[in-house]
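Novice: Got a predicted structure here, sequence first:
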Amino acid sequence: MKKISATFLLLLFCGVSFSQITFNIIKKDVKCNHKEYGDVEVVVTSTNTPYTFLWSTSDTTSFLHDINEGVYSVVIRDGSGDSTTVVIEVKLIVCEMAPEFVFTPNADLINDSWTIQNSEYFSDACFLVYNRLGQKVFEKKGLYELWDGKDLFGVPLPVASYYYVIYHNQSDEGTIIKGCVSIIK
């Protein structure tokens, strides 16, 4: 059994040709529900010019801009005819909502509402806020609208800490964000 493995390794190494092309990859993944698309660039550091590029997308430049997530390959060929193939995966970075910890609903036009970064990407979310006694003081289903620190009846809430539960999707309560937000004046 060992002899077969050694023969196999010998055949594997005999069939591989090593290219003299050296390069670096610069990659930017797709961000936050396609808020920004991805980029890939191959920077060749070898000196045997000129270089040609052929991407799996049929592009012939050293870069791809504004691309979606997926697997891309590029064949790099140098001036002497040597070539190498590079496979690059561009991923989708899933964005998360990021609630602020504090806001000041005192009508000074500075930080008067509770903001939640990236909430605009979750159109089917559910936002719940409770006081220290467990009473619901705010609820919003669907696309988030800024909370102004008033309870369900429109009465301004006192300075205190409140506890939130946010569901990314109303029908999937498995994706939860929990935390504390404070109203200060």
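Specialist: That came through fine. Numbers count the residues shown, from 1 in each chain.
Novice: What lies in contact with stretch 90-102?
Specialist: By Cβ atoms under 8 Å, 6 or more residues apart in numbering, the residues outside stretch 90-102 that reach it are 27, 29-35, 38, 40, 67-72, 111, 114-119, 121-122, 125, 164, 166, 168, 177, 179-184. Using the backbone N, CA and C atoms, a C-beta is placed for each residue, glycine as well.
Novice: from what I can see Arg132 touches Ser161, true?
Specialist: Yes - counting by Cβ atoms under 8 Å, Ser161 is a contact partner of Arg132 at 7.1 Å.
Novice: which of the two has more neighbours?
Specialist: Ser161 (13 against 9; other Cβ atoms under 10 Å).
Novice: Surely that one and Val137 touch.
Specialist: No - under the criterion of Cβ under 8 Å, Ser161 makes no contact with Val137, lying 11.8 Å away.
Novice: rewinding a little: among the contacts of stretch 90-102, which ones are buried?
Specialist: For the contacts of stretch 90-102, a burial check counting by 16 or more other Cβ atoms under 10 Å picks out 30, 38, 40, 67, 72, 114, 116, 119, 121-122, 125, 164, 166, 168, 177, 181, 183.
Novice: Which members of these are positioned in strands?
Specialist: Residues from the buried ones among the contacts of stretch 90-102 lying in strands, with DSSP state E as the criterion: 30, 38, 40, 67, 72, 116, 164, 166, 168, 177, 181, 183.
Novice: OK, contacts around Val137?
Specialist: Contacts of Val137 by Cβ under 8 Å, 6+ apart are 129-131, 151-152, 157, 162.
Novice: May I have the helix or strand encompassing Val129 as PDB, with CA atoms only?
Specialist: Element membership for Val129 (DSSP states H and E) is strand 126-130. Output in PDB follows, covering the C-alpha atoms of strand 126-130 (Å, rounded to 0.1, in the frame of the first residue of the first chain):
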ATOM      1  CA  CYS A 126     -39.900  43.900  14.500                       C
ATOM      2  CA  PHE A 127     -38.700  46.400  17.100                       C
ATOM      3  CA  LEU A 128     -39.800  46.100  20.700                       C
ATOM      4  CA  VAL A 129     -38.700  48.300  23.700                       C
ATOM      5  CA  TYR A 130     -39.600  47.600  27.300                       C
END
